[in-house]
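Enquirer: Here is a sequence together with a model predicted from it:
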Amino acid sequence: MLAARQPIARIIADPTADATLKARLELADKARTFASDRLGLPRNASYTDYADLKRPYATWNVFAAPEFSVQAVENCYLLVGCLAYRGYFDRQRAEAEAARLQANGLDTWVGGSAAYSTLGWFADPILNTMLRWDDDELAATIFHELAHQRLFVKGDTEFNESFATFVQYEGLREWRAARGLPLEEDIARKQQDEFEQIVLDARERLRVLYATTLPADVMRARKHEEIERLRADYSRLRDTQWNGKGGYDDWIKSDINNAKLLPFGLYRRWVPAFTVLFARQSDQWTSFYAAAEKIAHLDAVARTKALSALQAAER
């Protein structure tokens, strides 16, 4: 990934470079500058290079959970703490690890990720995997990944991803306003919220189920029923509120297990709390980051309590 880097400025200045690639990188370069100038995000060499990985995803993440639990089997690392997944740069290695875990009786799921961050340890490049997105999502991802460099709590995935997702959402709103683009209702985000909610509801029902003392065969049958209920909830949502058009058909039709439900909620659980925190700082980024850092420095219990209080205020 790092060896494939090429300076974006050099590609843009090259008259022989592909015109479509140059246009996308020009937009990425402007978003990168905006991130530091307007959003107070780190001003460094990250996202000033481009790398073509010659593959559809940057990494493949392996999620695992016991057959009767929605608690992730965590993987712990020196620099970032414990995570709910294990990442691989090679898909075959990821699938081999998932097969090994599955042979040990665990539910597993492998999901591709188009973006990757070293949290500022290295100069992360814009990747070819990121360029298949539209302009808004490309800019938003740059904001998201730089937010991880701005603030990161070792071992607290929900805090880190919610913080970065809030910066992504608010940053994109300001980015569009600065470019004179309409602040239209984000239909895709609304559908994502609604889909995530029915998945979280299903996961909570499973959590309650697994806390019982039912025999394994009965538990297994009830688990299957809850997964089928999730599929039915999706069909109802798609065919009524979404007018028959849903972007999650493939996800729903493929196999669903505990591991596949794990990523939901990790990225956005505390976004409303950070929304309140930003408003309390009069929408000022410098003050917001300082307030978020105070919460980040709390112990895990106190941090959750502080975020829960902000979340309650949002309602």
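Expert: Right, received. Where do you want to start? These numbers come from a predicted model, not from an experiment. Numbers count the residues shown, from 1 in each chain.
Enquirer: how distant is stretch 127-143 from the center of its chain?
Expert: Here stretch 127-143 is found 13 Å from its chain centre; the criterion is C-alpha atoms, centre = their mean, to the nearest Å.
Enquirer: So which bits of that stretch are buried?
Expert: 127-131, 135, 137-143 (16 or more other C-beta atoms under 10 Å). Bear in mind the C-beta positions are built from the backbone N, C-alpha and C, glycine included.
Enquirer: Give me the contacts around it.
Expert: With C-beta atoms under 8 Å, 6 or more residues apart in numbering as the test, stretch 127-143 has contacts from 1, 21, 24, 27-28, 31-32, 34-35, 39, 41, 47, 50-58, 114-116, 126, 167-169, 171-172, 175-176.
Enquirer: residues contacting Ala9?
Expert: With C-beta under 8 Å, 6+ apart, Ala9 has these contacts: Asp29, Thr48.
Enquirer: what residue ranges in the protein score low on pLDDT?
Expert: 184-185, 314-315 (pLDDT under 70).
Enquirer: Tell me the buried residues in stretch 174-189?
Expert: Glu174, Trp175, Arg176.
Enquirer: any idea which helix or strand carries the last one?
Expert: In this assignment (DSSP states H and E), Arg176 forms part of helix 157-178.
Enquirer: Contacts for whichever helix or strand comes after that helix next, please.
Expert: Downstream of helix 157-178, the next assigned helix or strand under DSSP H and E is helix 187-210. Helix 187-210 is contacted from outside by 68-70, 169, 219, 222-223, 226-227, 229-230, 233-234, 237, 241-242, 246-248, 258, 261, 264-265, 268, using C-beta under 8 Å, 6+ apart.
Enquirer: Now the buried members of these.
Expert: 68, 70, 169, 219, 222-223, 226-227, 230, 233-234, 237, 242, 246, 248, 258, 261, 264-265, 268.
Enquirer: From these, which land in helices?
Expert: Tyr169, Met219, Arg222, Lys223, Glu226, Ile227, Leu230, Asp233, Tyr234, Leu237, Asn258, Leu261 (DSSP state H).
Enquirer: check contacts around the residue nearest to the spatial centre of the chain.
Expert: Nearest to the centroid of the C-alpha atoms of the chain, with distances taken as C-alpha atoms, centre = their mean, sits Tyr267, at 4.8 Å. By C-beta under 8 Å, 6+ apart, the residues touching Tyr267 are Glu161, Ser162, Thr165.
Enquirer: can you check Tyr248 too?
Expert: Phe195, Tyr234, Arg238.
Enquirer: before we move on, what SS does Trp109 have?
Expert: strand (DSSP: H, G, I helix; E, B strand; the rest coil).
Enquirer: For it, grab the count of nearby residues.
Expert: For Trp109, the count of nearby residues is 22 (other C-beta atoms under 10 Å).
Enquirer: quick one: it and Ile11, what's the gap?
Expert: 36 Å (C-beta to C-beta, to the nearest Å).
Enquirer: What of Ala98?
Expert: For Ala98, the distance to Ile11 - C-beta to C-beta - is 36 Å.
Enquirer: Then Phe195?
Expert: 37 Å.
Enquirer: next one: Gln241
Expert: 43 Å.
Enquirer: those strands in the chain, which residues are they?
Expert: 6-7, 49-51, 59-66, 75-77, 81-83, 86-88, 106-113, 126-127 (DSSP state E).
Enquirer: Could you save these as CSV and add columns showing distance to Arg205?
Expert: Formatted as CSV, the strands of the chain follow (distance: least, C-beta to C-beta, whole Å):
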stretch, distance to Arg205
strand 6-7, 49
strand 49-51, 42
strand 59-66, 15
strand 75-77, 27
strand 81-83, 25
strand 86-88, 27
strand 106-113, 16
strand 126-127, 37
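Enquirer: re the thing from before, narrow the contacts of stretch 127-143 to just the buried residues.
Expert: Here, 16+ other C-beta under 10 Å leaves 21, 24, 27-28, 31-32, 34-35, 39, 41, 47, 50-51, 53, 57-58, 114-116, 126, 167-169, 171-172, 175-176 buried among these.
Enquirer: quick one, domains of this protein?
Expert: Listed by automatic domain parsing, the domain ranges of the chain are 187-261, 271-314.
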